[in-house]
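1. take a look and give me a structure for this.
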Amino acid sequence: MKWVEVIVHTAQEAVEAVSHILYEQGANGLVIEDPAELTKERENIFGELYALNPNDYPAFGVRVKAYFSENEQLITQIENIRTAIDTLRIHQLDVGEGTVVTQAIDEEDWAHAWKKYYHPVQVTNQITIVPSWEAYEQKHPDEKIIQLDPGMAFGTGTHPTTIMCLQGIEEFMQNGDVVIDVGTGTGVLAIAAAKLGAKEVFAYDLDEVAVQSAARNISANQVAKIVHVSKGDLLVNHHGQSNFIIGNLLAEIAVKLSPQTKKICTSGGIFLVSGIILEKQEMVCTQLQADGFEIIKIYQIKDWVAICARKRG
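-> Okay, here's the model as predicted:
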């Protein structure tokens with residue numbers, strides 16, 4: 001399969017907005033090259049500190065790289081990206097150069113080129129995500145190590161939307177819960193749920209590449225007896241009840257998922273939804289409440305939020 005790397009050279013102020021545009025157009029992965037990372041002071045609370053190579057970053061501005069499959073929709077997707085970035089200018093958001101360039105890359109090249117950006121990182125009090133190709137020793141007895149190789153699927157486990165989901169699982173999931181992970185990607189949330197005590201986990205994704213990647217990671221983490229991964233469109237084909245449902249999705253998809261979740265979630269069960277930009281938080285909360293959920297906690301990292309809701313009895 002051929003893939004296309006779409007590179008947007010923008011300003012720091014517009015990184016979140018540009019990232020959202022790329023995701024909305026169907027990006028299958030994203031890398032942000034911000035030279036501010038080279039001089040940033042880091043709190044050594046979670047994760048391993050490691051050296052960054054200045055040659056990987058632009059001299060000024062920020063490069064946001066996204067990856068799209070080469071198909072008949074690509075031209076339209078790129079046109080939509082350029083139009084949306086021009087719209088940011090109209091709304092007086094500093095997009096810097098705002099240039100959009102593309103280059104074709106082979107699947108194997110893309111699957112390996114980004115690995116230089118990916119290192120072990122502790123993302124919650126208990127969960128540490130470790131690239132499968134790096135050696136790592138457990139730091140404390142309660143640490144749950146997830147070995148991950150995203151391959152061609154989206155999700156290294158270190159994006160804010162994923163971190164908030166992991167925090168929510170750690171805080172609200174109970175031992176013995178039956179969990180559903182909608183849009184599983186690499187399977188990181190499903191694996192985390194299994195390692196934190198879920199009785200059974202069902203992981204769904206509409207993308208066959210993601211299903212294959214998740215299956216490999218589930219096997220590598222030795223939770224295949226607990227986690228069942230398959231291709232699925234949201235919760236359309238799921239049968240049975242669940243105590244804990246996760247959806248790391250876009251706001252519009254979360255709104256669509258909410259009525260399906262209402263039917264499957266047990267009374268008092270949890271619906272944890274992420275991938276929501278701050279400006280769409282109210283829209284998602286309104287839908288959840290209309291479907292009989294009570295908002296019990298909202299997580300926020302930068303301009304991203306995750307909403308944890310409990311189904312009313």
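2. now the strands for the stretch 201-313 of the chain?
-> 227-231, 242-248, 265-277, 293-301, 304-311 (DSSP state E, counting those that start in this stretch).
3. can you say which of these is nearest to residue 185?
-> Across the strands of the stretch 201-313 of the chain, residue 185 has its closest neighbour in strand 242-248 (7.4 Å, CB to CB). C-betas here are computed from N, CA, C, even on glycine.
4. what's opposite the residue lying closest to residue 281 once chain neighbours are set aside in the beta bridge?
-> Of all residues not flanking residue 281 in the chain, residue 305 sits nearest, at 5.0 Å (CB to CB, 6 or more residues apart in numbering). Counting by DSSP bridges, residue 305 forms beta bridges with residue 276, residue 300.
5. surely residue 305 meets residue 275?
-> No. Using CB atoms under 8 Å as the test, residue 305 is too far from residue 275 to be in contact (9.2 Å).
6. what mean pLDDT would you report for stretch 27-43?
-> Computed over stretch 27-43, the mean pLDDT rounds to 69.
7. what's the answer for stretch 83-92, then?
-> The model assigns stretch 83-92 a mean pLDDT of 89.
8. shouldn't residue 17 be within a strand?
-> No. Assigned with DSSP: H, G, I helix; E, B strand; the rest coil, residue 17 falls outside any strand and is helix.
9. touching, it and residue 91? I think so.
-> No. Judged on CB under 8 Å, residue 17 makes no contact with residue 91 at a distance of 9.2 Å.
10. the two - which one has more neighbours?
-> Neighbour tally, residue 17 and residue 91, criterion other CB atoms under 10 Å: the higher count belongs to residue 17, 19 against 8.
11. tell me the confidence at the more buried one?
-> Looking at residue 17, the pLDDT reads 89.
12. residues touching it, list them.
-> By CB atoms under 8 Å, 6 or more residues apart in numbering, residue 17 lies in contact with 88, 93.
13. mind redoing it with 10 Å?
-> 10, 84, 85, 87, 88, 91, 93, 95, 277, 303 (CB atoms under 10 Å, 6 or more residues apart in numbering).
14. so how far is residue 91 from the last one?
-> Meaning residue 303. Counting by CB to CB, to the nearest Å, the separation of residue 303 from residue 91 is 15 Å.
15. pull the helix or strand with minimum mean pLDDT from this protein.
-> helix 107-113 (a mean of 59; mean pLDDT, DSSP states H and E).
16. now whichever helix or strand comes after that one: mean pLDDT?
-> With elements assigned by DSSP states H and E, the helix or strand that comes after helix 107-113 is strand 121-122. Averaging pLDDT along strand 121-122 gives 84.
17. helices or strands up against whatever helix or strand comes next after strand 121-122?
-> Using DSSP H and E, the helix or strand that follows strand 121-122 in sequence is strand 127-131. For strand 127-131, the elements it packs on are strand 121-122, strand 144-148, helix 160-172, helix 188-195, judged by 3 or more CB pairs under 10 Å, 6 or more residues apart in numbering; DSSP states H and E.
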